[in-house]
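Colleague: sharing a sequence plus its predicted fold:
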Amino acid sequence: MAPRTYTLRRRAESTAATRARIVSTAVEVYQERGVGGATIGAIAARADVSRGTVLHHFQDADGLLAAAIDHILATIDIPDERVLDGASTEAERIHRFVDATFRFYERSNSWWEVFRRDMERPVVKAGEQLFWASFGRLQTAAIGDGSGDRVVASTVAALVHPGTLWTFRETGLNLEEAIDIIADLITGVVRRRRGERE
(Lines give C-alpha, C1' and ligand atoms only; values in the text may rest on other atoms or scores of the structure.)
Protein backbone atom coordinates (compact mmCIF):
# COMPACT_ATOMS: atom_id res chain seq x y z
CA MET A 1 0.00 0.00 0.00
CA ALA A 2 2.87 2.46 0.73
CA PRO A 3 4.12 2.61 -2.89
CA ARG A 4 0.62 3.60 -4.06
CA THR A 5 0.47 6.46 -1.52
CA TYR A 6 3.89 7.62 -2.65
CA THR A 7 2.76 7.58 -6.28
CA LEU A 8 -0.42 9.54 -5.51
CA ARG A 9 1.54 12.09 -3.50
CA ARG A 10 4.09 12.54 -6.29
CA ARG A 11 1.31 12.84 -8.84
CA ALA A 12 -0.40 15.52 -6.74
CA GLU A 13 2.90 17.41 -6.42
CA SER A 14 3.45 17.17 -10.16
CA THR A 15 -0.10 18.37 -10.85
CA ALA A 16 0.34 21.33 -8.50
CA ALA A 17 3.68 22.21 -10.10
CA THR A 18 2.16 22.08 -13.59
CA ARG A 19 -0.74 24.27 -12.51
CA ALA A 20 1.65 26.79 -10.91
CA ARG A 21 3.81 26.85 -14.05
CA ILE A 22 0.77 27.53 -16.23
CA VAL A 23 -0.38 30.38 -13.97
CA SER A 24 3.10 31.88 -13.84
CA THR A 25 3.38 31.67 -17.62
CA ALA A 26 -0.08 33.22 -18.08
CA VAL A 27 0.98 36.13 -15.87
CA GLU A 28 4.04 36.69 -18.09
CA VAL A 29 2.01 36.50 -21.29
CA TYR A 30 -0.70 38.86 -19.97
CA GLN A 31 2.03 41.34 -18.97
CA GLU A 32 3.53 41.20 -22.46
CA ARG A 33 0.40 41.03 -24.63
CA GLY A 34 -2.50 42.13 -22.46
CA VAL A 35 -5.46 39.89 -21.74
CA GLY A 36 -6.93 40.21 -25.22
CA GLY A 37 -3.67 39.22 -26.88
CA ALA A 38 -3.00 36.20 -24.67
CA THR A 39 -4.48 33.00 -26.08
CA ILE A 40 -4.65 29.66 -24.33
CA GLY A 41 -2.52 28.24 -27.13
CA ALA A 42 0.22 30.84 -26.64
CA ILE A 43 0.24 30.29 -22.88
CA ALA A 44 0.28 26.51 -23.28
CA ALA A 45 3.17 26.66 -25.75
CA ARG A 46 5.25 28.86 -23.48
CA ALA A 47 4.45 26.71 -20.42
CA ASP A 48 5.45 23.63 -22.46
CA VAL A 49 2.10 21.90 -21.97
CA SER A 50 -0.75 21.08 -24.31
CA ARG A 51 -3.79 23.29 -24.71
CA GLY A 52 -5.79 20.38 -23.28
CA THR A 53 -3.67 20.42 -20.11
CA VAL A 54 -4.47 24.10 -19.60
CA LEU A 55 -8.17 23.41 -20.11
CA HIS A 56 -8.00 20.42 -17.76
CA HIS A 57 -6.68 22.64 -14.97
CA PHE A 58 -8.74 25.78 -15.63
CA GLN A 59 -11.75 24.78 -17.80
CA ASP A 60 -11.54 27.90 -19.99
CA ALA A 61 -9.76 31.20 -20.58
CA ASP A 62 -11.69 32.92 -17.77
CA GLY A 63 -10.72 30.19 -15.30
CA LEU A 64 -7.06 30.71 -16.19
CA LEU A 65 -7.45 34.49 -16.00
CA ALA A 66 -9.07 34.19 -12.55
CA ALA A 67 -6.17 32.06 -11.28
CA ALA A 68 -3.67 34.54 -12.74
CA ILE A 69 -5.45 37.49 -11.12
CA ASP A 70 -5.41 35.69 -7.75
CA HIS A 71 -1.66 35.18 -8.20
CA ILE A 72 -1.11 38.81 -9.18
CA LEU A 73 -3.15 40.14 -6.25
CA ALA A 74 -1.13 37.99 -3.87
CA THR A 75 2.18 39.28 -5.26
CA ILE A 76 1.29 42.98 -5.34
CA ASP A 77 0.22 42.83 -1.70
CA ILE A 78 -3.06 44.71 -1.34
CA PRO A 79 -2.83 46.80 1.84
CA ASP A 80 -5.11 45.92 4.73
CA GLU A 81 -5.74 46.96 8.33
CA ARG A 82 -2.40 45.56 9.46
CA VAL A 83 -0.67 48.67 8.09
CA LEU A 84 -2.30 50.56 10.97
CA ASP A 85 -0.77 48.36 13.69
CA GLY A 86 0.92 50.54 16.28
CA ALA A 87 -0.52 53.83 14.99
CA SER A 88 -1.51 55.76 18.10
CA THR A 89 -3.25 58.81 16.65
CA GLU A 90 -5.89 59.47 14.05
CA ALA A 91 -3.43 61.53 11.99
CA GLU A 92 -0.93 58.66 12.02
CA ARG A 93 -3.61 56.14 10.97
CA ILE A 94 -4.69 58.38 8.10
CA HIS A 95 -1.08 58.92 7.03
CA ARG A 96 -0.44 55.16 7.03
CA PHE A 97 -3.64 54.56 5.07
CA VAL A 98 -2.62 57.07 2.38
CA ASP A 99 0.97 55.80 2.39
CA ALA A 100 -0.03 52.15 1.97
CA THR A 101 -2.59 52.94 -0.72
CA PHE A 102 -0.31 55.18 -2.78
CA ARG A 103 2.55 52.70 -2.55
CA PHE A 104 0.12 50.01 -3.72
CA TYR A 105 -0.79 52.18 -6.71
CA GLU A 106 2.89 52.57 -7.53
CA ARG A 107 3.64 48.85 -7.44
CA SER A 108 0.47 47.82 -9.24
CA ASN A 109 0.50 50.45 -11.99
CA SER A 110 1.92 48.11 -14.62
CA TRP A 111 -0.98 45.71 -13.96
CA TRP A 112 -3.50 48.51 -14.32
CA GLU A 113 -2.10 49.08 -17.80
CA VAL A 114 -2.48 45.36 -18.59
CA PHE A 115 -6.09 45.07 -17.42
CA ARG A 116 -7.61 48.50 -18.14
CA ARG A 117 -8.89 47.52 -21.61
CA ASP A 118 -10.58 44.45 -20.12
CA MET A 119 -12.20 45.99 -17.04
CA GLU A 120 -15.66 44.93 -18.20
CA ARG A 121 -14.78 41.24 -18.14
CA PRO A 122 -16.48 39.68 -15.10
CA VAL A 123 -13.26 37.98 -13.96
CA VAL A 124 -11.33 41.25 -14.06
CA LYS A 125 -14.18 43.09 -12.31
CA ALA A 126 -14.13 40.48 -9.53
CA GLY A 127 -10.42 41.10 -8.96
CA GLU A 128 -10.99 44.84 -8.88
CA GLN A 129 -13.83 44.38 -6.38
CA LEU A 130 -11.46 42.51 -4.06
CA PHE A 131 -9.19 45.55 -4.03
CA TRP A 132 -12.02 48.01 -3.40
CA ALA A 133 -13.43 45.87 -0.57
CA SER A 134 -10.01 45.77 1.09
CA PHE A 135 -9.57 49.51 0.48
CA GLY A 136 -12.96 50.19 2.10
CA ARG A 137 -12.09 48.18 5.21
CA LEU A 138 -8.73 49.93 5.50
CA GLN A 139 -10.35 53.35 5.04
CA THR A 140 -12.91 52.60 7.76
CA ALA A 141 -10.21 51.39 10.14
CA ALA A 142 -8.06 54.47 9.46
CA ILE A 143 -10.77 57.11 9.70
CA GLY A 144 -13.10 55.44 12.17
CA ASP A 145 -16.51 57.02 12.70
CA GLY A 146 -15.72 59.78 10.19
CA SER A 147 -15.63 57.30 7.32
CA GLY A 148 -19.44 57.28 7.17
CA ASP A 149 -19.62 61.04 6.65
CA ARG A 150 -20.44 61.78 3.00
CA VAL A 151 -18.05 64.76 2.80
CA VAL A 152 -15.19 62.73 4.27
CA ALA A 153 -15.98 59.76 2.01
CA SER A 154 -16.07 62.00 -1.07
CA THR A 155 -12.82 63.69 -0.06
CA VAL A 156 -11.09 60.34 0.39
CA ALA A 157 -12.48 59.05 -2.92
CA ALA A 158 -11.14 62.10 -4.75
CA LEU A 159 -7.78 62.40 -3.03
CA VAL A 160 -6.75 58.79 -2.43
CA HIS A 161 -7.10 57.98 -6.10
CA PRO A 162 -4.50 56.85 -8.62
CA GLY A 163 -5.25 59.86 -10.82
CA THR A 164 -4.50 62.25 -7.96
CA LEU A 165 -1.21 60.52 -7.27
CA TRP A 166 -0.19 60.60 -10.96
CA THR A 167 -1.11 64.31 -11.14
CA PHE A 168 1.11 65.08 -8.17
CA ARG A 169 3.92 63.01 -9.67
CA GLU A 170 3.59 64.65 -13.10
CA THR A 171 3.79 68.12 -11.54
CA GLY A 172 7.08 67.31 -9.84
CA LEU A 173 6.21 66.07 -6.36
CA ASN A 174 7.75 62.85 -5.15
CA LEU A 175 5.79 60.02 -3.57
CA GLU A 176 6.52 61.05 0.03
CA GLU A 177 5.44 64.65 -0.64
CA ALA A 178 2.19 63.48 -2.24
CA ILE A 179 1.48 61.17 0.71
CA ASP A 180 2.12 63.91 3.27
CA ILE A 181 -0.07 66.46 1.48
CA ILE A 182 -3.01 64.11 0.96
CA ALA A 183 -2.83 62.74 4.52
CA ASP A 184 -2.79 66.29 5.92
CA LEU A 185 -5.76 67.32 3.76
CA ILE A 186 -7.83 64.30 4.79
CA THR A 187 -6.92 64.73 8.46
CA GLY A 188 -8.04 68.37 8.29
CA VAL A 189 -11.36 67.48 6.67
CA VAL A 190 -12.02 64.68 9.19
CA ARG A 191 -11.33 67.02 12.12
CA ARG A 192 -13.41 69.84 10.70
CA ARG A 193 -16.37 67.55 10.03
CA ARG A 194 -16.14 66.03 13.50
CA GLY A 195 -16.15 69.56 14.98
CA GLU A 196 -19.26 70.42 12.97
CA ARG A 197 -21.04 67.30 14.28
CA GLU A 198 -20.16 67.99 17.92
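Modeller: Now that the structure is in, tell me what you want to look at.

Colleague: and the helices in this protein?
Modeller: Listed from the start of the chain, the chain has helices (DSSP state H) covering 2-33, 40-47, 51-58, 61-76, 90-115, 122-143, 150-159, 162-170, 175-197.

Colleague: per-domain residue ranges of this structure.
Modeller: Taking automatic domain parsing as the criterion, the chain consists of the domains 2-74, 78-197.

Colleague: got TSV for the ones you listed, with mean pLDDT too?
Modeller: Formatted as TSV, those follow (pLDDT from 0 to 100):
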stretch	mean pLDDT
domain 2-74	86
domain 78-197	91
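
Colleague: can you put those in JSON lines and add mean neighbour count?
Modeller: To be clear about C-beta, it is placed using only N, CA and C from the backbone, and glycine gets the same treatment. Formatted as JSON lines, the domains of the chain follow (neighbours: other Cβ atoms under 10 Å):
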{"stretch": "domain 2-74", "mean neighbour count": "15"}
{"stretch": "domain 78-197", "mean neighbour count": "16"}
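
Colleague: circling back to that earlier point, export the helices of the chain to TSV and tack on distance to residue 84?
Modeller: Shown next, in TSV, are the helices of the chain (distance: least, Cβ to Cβ, whole Å):
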stretch	distance to residue 84
helix 2-33	30
helix 40-47	39
helix 51-58	36
helix 61-76	19
helix 90-115	5
helix 122-143	6
helix 150-159	15
helix 162-170	20
helix 175-197	13
